[in-house]
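# using only what follows, build the 3D model:
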Amino acid sequence: MLDREKCLTHVTDKELRQAMIRLLDQWERAYVRNSWEITGFLDPYFRQAGEGMLRGLPDLLFSAWGGYDGAERARLIIFPPACPETSLDFQLAFLQVEGNFKFKEVNHRDFLGALLGLGIGREKIGDILIIENGCQVILDQDIARYVTANWEKVNCVSVRVKEISPHQLTVPVQERKEITSTVASPRLDAVLGVGFSCSRTKTLPDIKGGRIRVNWKVTTDPSFHIQAGDTISYRGKGRMVVDSFSGPTQKGRYFIHVSRYV
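Residues are numbered from 1 along each chain as shown. Here you go, the predicted structure:
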């Protein structure tokens, strides 16, 4: 069987370690039963860590899918080589939620909060796509009927819920704003100021308050060094990708190019 401690040697984050232990449990069940195992929905941070660990394990394969190309939250299936990948069932359902939101502004958090208010665990919920007068939700097919029957309101507005096909998803096209500038250092607080046009006075409490994620991991250290390729999410403001980072120049500054999703 697996040497679990060896698999988990470099995992120091407590929450991530628990998630990796659950993933190892599923790997062992799939191996012993010669069958497939499916995870709940994972955010990119946990999924990347899980995929990295699974790549180092023998005998079994894995695949990830969240309902559409580029989905942020996805499920992993662990399966034996004899199982054709085309036969894998990720057990997804797709719902459309509509209401009269002309006089009541709602956002992603409102829809997610309403779902969680039904007693549903976050691992059962995939991406929530905002559309005109509502949203589309990808979730575990086991709870689709329950959600359809019991989801009645979002932020005091009555809603209608129906199941749709994956081909009916309205995947938003994300527009990007390209920004080229220089910063005094590769520190997180300095890079945030460039990407989101805000002062260090504003970003510091938000960083320490857990509103910033670097590569989908909450980062509370303002001095954390950013590198090219990093993805930075700022709760309530959006997301940006650091395309390039070079320097220092003769004046001690760094060239930076970022793409901010707007």
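# and the strands in the stretch 51-200 of the chain?
61-65, 75-79, 92-99, 125-131, 134-140, 153-154, 157-164, 176-183 (DSSP state E, counting those that start in this stretch).
# could you save those as JSON lines and add columns showing distance to Y254?
To be clear about C-beta, it is placed using only N, CA and C from the backbone, and glycine gets the same treatment. As requested, the strands of the stretch 51-200 of the chain are exported to JSON lines (distance: least, CB to CB, whole Å):
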{"stretch": "strand 61-65", "distance to Y254": "34"}
{"stretch": "strand 75-79", "distance to Y254": "37"}
{"stretch": "strand 92-99", "distance to Y254": "43"}
{"stretch": "strand 125-131", "distance to Y254": "34"}
{"stretch": "strand 134-140", "distance to Y254": "39"}
{"stretch": "strand 153-154", "distance to Y254": "44"}
{"stretch": "strand 157-164", "distance to Y254": "47"}
{"stretch": "strand 176-183", "distance to Y254": "5"}
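# so can I have CSV of those showing distance to G195 and mean neighbour count?
Shown next, in CSV, are the strands of the stretch 51-200 of the chain (distance: least, CB to CB, whole Å; neighbours: other CB atoms under 10 Å):
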stretch, distance to G195, mean neighbour count
strand 61-65, 28, 17
strand 75-79, 31, 22
strand 92-99, 32, 20
strand 125-131, 22, 20
strand 134-140, 27, 23
strand 153-154, 31, 16
strand 157-164, 33, 15
strand 176-183, 6, 14
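# so can I have JSON lines of those showing mean pLDDT and distance to H108?
Output for these, formatted as JSON lines (pLDDT from 0 to 100; distance: least, CB to CB, whole Å):
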{"stretch": "strand 61-65", "mean pLDDT": "96", "distance to H108": "21"}
{"stretch": "strand 75-79", "mean pLDDT": "97", "distance to H108": "20"}
{"stretch": "strand 92-99", "mean pLDDT": "97", "distance to H108": "12"}
{"stretch": "strand 125-131", "mean pLDDT": "96", "distance to H108": "6"}
{"stretch": "strand 134-140", "mean pLDDT": "98", "distance to H108": "8"}
{"stretch": "strand 153-154", "mean pLDDT": "96", "distance to H108": "11"}
{"stretch": "strand 157-164", "mean pLDDT": "97", "distance to H108": "15"}
{"stretch": "strand 176-183", "mean pLDDT": "93", "distance to H108": "19"}
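# closest one to V258 among these?
strand 176-183 (5.0 Å; CB to CB).
# so this protein: which segments form each domain?
Under the assignment automatic domain parsing, the domains of the chain span 4-87, 92-168, 176-261.
# how long is the second one from one end to the other?
If I follow you right, that is domain 92-168. 14 Å (CA to CA, to the nearest Å).
# for the first one, same thing?
In domain 4-87, first residue to last residue: 30 Å (CA to CA).
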